[in-house]
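Colleague: below are the sequence and a predicted model for it; my questions follow.
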Amino acid sequence: MPDSRLGKAVIASPLAIQGLTVSYDHRPVVHSVDFITPPGSMSAIIGPNGAGKSTLLKAALGITRRLSGEVRVFGRPLEQETRHLAFVPQRSSVDWDFPARVIDVVGMGLYRDLRWWQFGSRQLRRRAMESLARVGMEGFAERQIGQLSGGQQQRVFLARALVQEADLTILDEPFAGVDAATEAAIIEVLKSLRDEGRTLLCVHHDLATVRDYFDHVLLMNVRRIAAGPVDEAFTEENLQATYGGRLSPVQLARLVESPRAGRRVEAGQR
Ligand SMILES: Nc1ncnc2c1ncn2[C@@H]1O[C@H](COP(=O)(O)OP(=O)(O)OP(=O)(O)O)[C@@H](O)[C@H]1O
């Protein structure tokens, strides 16, 4: 990767994105975005609806074709480093009618590391059950995934990422549509992963919890507006530039001044 903008940090970073551009119908929806996740950090990607957050993640993961740009995972090209990387997709993008038991969905997280004769083994089941226990879902192992509530499905997908023991986990809106108890359970698991030295990157919508949950942030609206430690990048000026007039001055002041605003503040709400 040419390192004129990102420098040596690329080598040490779990995820380094440089000059990433994605276009649909000749219209850039992500334009020349640079971003580095520091090791052992928990980073949020924030921006309004349609800002290109999911597209950035999908292009970084090779799911969506990028027009230009470079992506390095632990300093190496993405295709050489998938073993250290787990992805939790947006819940709404998954076909939950697919007939599969919870235990099998979690076990799928291990399949790329297994030989065929290990499929269904006791050891695989034990690891899957341990991950389910970590998200409080061990009692649901034999259920069909389509029979779970939205919050339970989200926990199962987190368990599927946990079983991979990845050093970098990328989550697309892990708190979308979950209740407060599930959100608290998920954030506890994510923080414990960070405390183990692992790196987390989430698309996140609730601006009121950014300071409480994350230590780094990327603010984007097609282009990168700002990135860095939350204390430096999550400023009134940068929020204004990211959301334009969609956040009121009162909301902006509350978000920036208070370490925890205490209630959900999503762009567009007044
Ligand atoms: N497959 C596609 N074909 C054409 N346009 C697309 C496609 N996927 C996304 N887009 C467009 O790209 C832009 C960015 O979409 P994206 O889903 O990345 O935004 P986002 O920031 O994740 O939004 P949200 O917060 O609503 O989830 C939007 O204008 C969207 O309509």
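Modeller: Ah, there it is.

Colleague: CA only for contacts and neighbour counts going forward, please
Modeller: Noted.

Colleague: so R66 is in which element?
Modeller: In this structure, R66 sits in neither a helix nor a strand according to DSSP states H and E.

Colleague: any idea of the pLDDT on it?
Modeller: Note on R66: pLDDT of 82.

Colleague: and it, backbone torsions?
Modeller: Backbone dihedrals for R66, given as degrees, to the nearest 10, come out at phi -100, psi 150.

Colleague: isn't it right up against Q18?
Modeller: No. Using CA atoms under 8 Å, R66 is not in contact with Q18, being 11.6 Å away.

Colleague: which one of these two is surrounded by more residues?
Modeller: More crowded of R66 and Q18, by other CA atoms under 10 Å: Q18, with 24 against 19.

Colleague: the host helix or strand of that one: partners in the sheet, and parallel or antiparallel?
Modeller: Q18 belongs to strand 15-24 when elements are defined using DSSP H and E. Sheet pairing here is set by DSSP bridges, and for strand 15-24 it gives strand 27-37 (antiparallel), strand 68-73 (antiparallel).

Colleague: contact partners of that strand?
Modeller: Residues outside strand 15-24 that contact it (CA atoms under 8 Å, 6 or more residues apart in numbering) are 5-6, 10, 28-38, 55-56, 59-60, 65-75, 168.

Colleague: buried members of the residues you listed into ChimeraX, please.
Modeller: Those of those that count as buried under 16 or more other CA atoms under 10 Å are selected in ChimeraX with:
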select :6,10,29,30,31,32,33,34,35,36,37,38,55,56,59,60,66,67,69,70,71,72,73,74,75,168
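
Colleague: run through the residues that contact V178.
Modeller: Taking CA under 8 Å, 6+ apart as the criterion, V178 is in contact with 150-151, 154.

Colleague: among the residues you listed, who's most crowded?
Modeller: Q154 (26 neighbours).

Colleague: next one: that one from the ligand, what distance?
Modeller: When distances are taken as CA to the nearest ligand atom, to the nearest Å, Q154 and the ligand turn out to be 16 Å apart.

Colleague: per-residue confidence averaged over the helix or strand where that residue lies?
Modeller: Using DSSP H and E, the element containing Q154 is helix 150-162. Averaging the model's pLDDT scores along helix 150-162 yields 91.

Colleague: with stretch 135-142 instead?
Modeller: If you average the pLDDT values across stretch 135-142, you get 94.

Colleague: now do stretch 39-57
Modeller: Averaging pLDDT along stretch 39-57 yields 95.

Colleague: going by neighbour count, list what's buried in it.
Modeller: Of the residues in stretch 39-57, those buried under the neighbour-count criterion (16+ other CA under 10 Å) are 39-48, 51-57.

Colleague: distance to the ligand for the strands paired with strand 15-24 - can I get that in JSON lines?
Modeller: Rendered in JSON lines, the data for these read as follows (distance: least, CA to the nearest ligand atom, whole Å):
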{"stretch": "strand 27-37", "distance to the ligand": "5"}
{"stretch": "strand 68-73", "distance to the ligand": "16"}
